[in-house]
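Asker: Got a predicted model here, sequence first, then my questions.
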Amino acid sequence: MISINIEKKLKAYHGQQVLHIDKQFATGSVTKIHGPSGSGKTTFLKVIAGLISPEKGIIKVDNETWFNSEAKVSLSTQKRNIGFVFQQYALFPNMTVRQHLEYATGDEKWINKLLLLGKLESLQTHKPDYLSGGQQQRLAILRALATKPRLLLMDEPFSALDAKMKTELMAELKTLSKELKITTIIVSHNPQELDGWADEEIVFS
Ligand SMILES: Nc1ncnc2c1ncn2[C@@H]1O[C@H](COP(=O)(O)OP(=O)(O)OP(=O)(O)O)[C@@H](O)[C@H]1O
């Protein structure tokens with residue numbers, strides 16, 4: 001169970017807006033987040049990952065405290081064991097597909113399984129510049145899964161994929177997240193694409 005109750009001031013052009021989220025996420029659940037541009041969806045994922053600190057609040061994962069403003073606890077991103085798929089992929093230009101995964105895990109069998117899952121096994125020696133947008137996006141997803149995270153945060157993870165690839169990959173991710181009991185939170189501009197997978201929904205306003 002992940003329990004989040006945070007307040008974060010968002011810097012906006014017109015005054016200030018406060019993001020207040022009070023929500024619990026069951027282990028293994030899949031939550032989709034949508035809402036207008038600028039409403040704080042990406043900021044929320046970054047707060048969970050420990051990349052941005054909220055002004056106030058508590059983040060607890062099972063019995064572990066990741067963040068507590070009053071007790072001045074803030075676990076580093078590395079210690080949170082999170083998989084993060086960034087909107088802009090954030091790939092390493094000098095690493096091949098396989099090296100991206102080897103950087104995250106030494107488990108070669110798991111790497112081979114991921115490459116199959118993302119249909120990138122024939123492109124393992126390629127660097128990001130030689131991949132299509134959809135292939136780069138799949139690599140970003142595989143890299144996020146490489147450490148077998150207990151929490152997977154994805155920001156628009158399917159935006160560059162065609163409909164067929166999206167359906168196939170989502171089916172694989174569904175099985176995998178069940179198998180590994182990964183709690184998943186996905187930001188999507190097109191929340192219908194997650195019908196049949198997501199079991200929870202948060203609408204930001
Ligand atoms: N570190 C930060 N601290 C405070 N506010 C921030 C920070 N980073 C971004 N913001 C502000 O938070 C607001 C929301 O941005 P955010 O990227 O979270 O929105 P979003 O809902 O993900 O938008 P989009 O759908 O366009 O990606 C913006 O006004 C932005 O200026």
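Answerer: Nice, thanks for sending it over. Numbering: from 1, shown residues only.
Asker: Would you tell me which helix is longest in this structure?
Answerer: helix 163-179 (DSSP state H).
Asker: CA-only coordinates of that one in PDB, if you can.
Answerer: What follows is helix 163-179 as a C-alpha-only set of coordinates in PDB (Å, rounded to 0.1, in the frame of the first residue of the first chain):
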ATOM      1  CA  ALA A 163      -2.200   1.400 -32.000                       C
ATOM      2  CA  LYS A 164      -1.100  -2.200 -32.500                       C
ATOM      3  CA  MET A 165       2.200  -1.800 -30.700                       C
ATOM      4  CA  LYS A 166       0.400   0.000 -27.800                       C
ATOM      5  CA  THR A 167      -2.200  -2.800 -27.400                       C
ATOM      6  CA  GLU A 168       0.500  -5.500 -27.500                       C
ATOM      7  CA  LEU A 169       2.900  -3.800 -25.100                       C
ATOM      8  CA  MET A 170       0.100  -2.900 -22.700                       C
ATOM      9  CA  ALA A 171      -1.000  -6.600 -22.500                       C
ATOM     10  CA  GLU A 172       2.600  -7.600 -21.700                       C
ATOM     11  CA  LEU A 173       2.900  -4.900 -19.100                       C
ATOM     12  CA  LYS A 174      -0.300  -6.000 -17.500                       C
ATOM     13  CA  THR A 175       0.900  -9.500 -17.100                       C
ATOM     14  CA  LEU A 176       4.300  -8.400 -15.900                       C
ATOM     15  CA  SER A 177       3.100  -5.900 -13.300                       C
ATOM     16  CA  LYS A 178       0.800  -8.600 -11.900                       C
ATOM     17  CA  GLU A 179       3.700 -11.100 -11.800                       C
END
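Asker: tell me what the next helix-or-strand element following it is packed against?
Answerer: Helices and strands here follow DSSP states H and E; after helix 163-179, the next one along the chain is strand 183-187. Applying 3 or more CB pairs under 8 Å, 6 or more residues apart in numbering; DSSP states H and E, one finds that strand 183-187 contacts strand 30-34, helix 41-49, strand 151-155. All C-beta spots, glycine's among them, are computed from the backbone N, C-alpha and C.
Asker: hmm, who's touching strand 183-187?
Answerer: Contacting residues not belonging to strand 183-187 are listed as 2, 25-34, 41-42, 45, 48, 150-157, 173, 177, 194, 198 [CB atoms under 8 Å, 6 or more residues apart in numbering].
Asker: Would you list the strands that it pairs with, along with their directions?
Answerer: Paired strands of strand 183-187, with direction, are strand 30-34 (parallel), strand 151-155 (parallel) (DSSP bridges).
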